[in-house]
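Peer 1: when you get a sec, could you give me coordinates for this:
(chains A and B)
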Amino acid sequence: NAGVTQTPKFRILKIGQSMTLQCTQDMNHNYMYWYRQDPGMGLKLIYYSVGAGITDKGEVPNGYNVSRSTTEDFPLRLELAAPSQTSVYFCASSYVVGAFNTEAFFGQGTRLTVV
Amino acid sequence: AQSVTQLGSHVSVSEGALVLLRCNYSSSVPPYLFWYVQYPNQGLQLLLKYTSAATLVKGINGFEAEFKKSETSFHLTKPSAHMSDAAEYFCAVTRNTGFQKLVFGTGTRLLVSP
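Peer 2: Prediction:
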């Protein structure tokens, strides 16, 4: 089983460039998440989605955009890359129905450097 | 709002020694609690989870954690450390009612020496 797949694994961007981090899951999970991980800071939630067509901001959304046109895909867009966006990005998914909530399953991460 | 606090950014133990990683949570509603492990250059993998059933939860690789409501704690333990346990460990909390967002602690790096 593929689980959560992120591409690319590594990327170097120049300041001001844009890119899309891809995330797809094959577990039919309704919830999907984007986190960034900075040293000593743990994981911070950027955006999340509770289903196709529905997205909302997390703790650190500035400089990012998302869309959720299908259950499987949840791309993260950086429009004008800045050095502060140098980080490791993780996509995750989980299944939530009422009070039932599976754990979140994570992708392998995308290491992004903005120079 | 929910939050978790992990005490100690680094914990060092000798191989065979007890592992204790601390996590305290704050939640206005009954929580779900999780421990994740991250090996170098990899994503996060679930170790164990508390979802309001048994308060003592057993996970993979010999780890376990006990939910203590009176202490708002969910500490992770393993009786005997192995070299392969060296990794970063994250505690996380979410609500068990209504809308779900997973909130992570800052992580604890476990170092295991021979």
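Peer 1: could you spell out the sheet neighbours of the longest strand along chain A, each with its direction?
Peer 2: Taking DSSP state E as the assignment, the strand of chain A that covers the most residues is strand A:42-51. The pairing partners recorded for strand A:42-51 under DSSP bridges are strand A:31-38 (antiparallel), strand A:54-57 (antiparallel).
Peer 1: go through the last one and flag the buried ones.
Peer 2: Which is strand A:54-57. A:T55 (16 or more other Cβ atoms under 10 Å in any protein chain shown). To be clear about C-beta, it is placed using only N, CA and C from the backbone, and glycine gets the same treatment.
Peer 1: give me the mean pLDDT for it.
Peer 2: The average pLDDT within strand A:54-57 is 94.
Peer 1: what's the first helix or strand after it?
Peer 2: Reading on from strand A:54-57 to the C-terminus, the next helix or strand found by DSSP states H and E is strand A:64-66.
Peer 1: hmm, the lowest-mean-pLDDT helix or strand in chain A touching chain B?
Peer 2: Least confident helix or strand, chain A: strand A:100-101 with a mean of 70, by mean pLDDT, DSSP states H and E. Yes: using Cβ under 8 Å from any Cβ of the partner chain, a contact is recorded between strand A:100-101 and chain B, made by A:N101.
Peer 1: is the lowest-mean-pLDDT helix or strand in chain B in proximity to chain A?
Peer 2: The weakest-scoring helix or strand in chain B, judged by mean pLDDT, DSSP H and E, is strand B:103-104 (a mean of 88). Yes: contact of strand B:103-104 with chain A (Cβ under 8 Å from any Cβ) involves B:V103, B:F104.
Peer 1: give me the helices and strands touching that strand, please.
Peer 2: Applying 3 or more Cβ pairs under 8 Å, 6 or more residues apart in numbering or on different chains; DSSP states H and E, one finds that strand B:103-104 contacts strand A:42-51, strand B:3-7, strand B:87-95.
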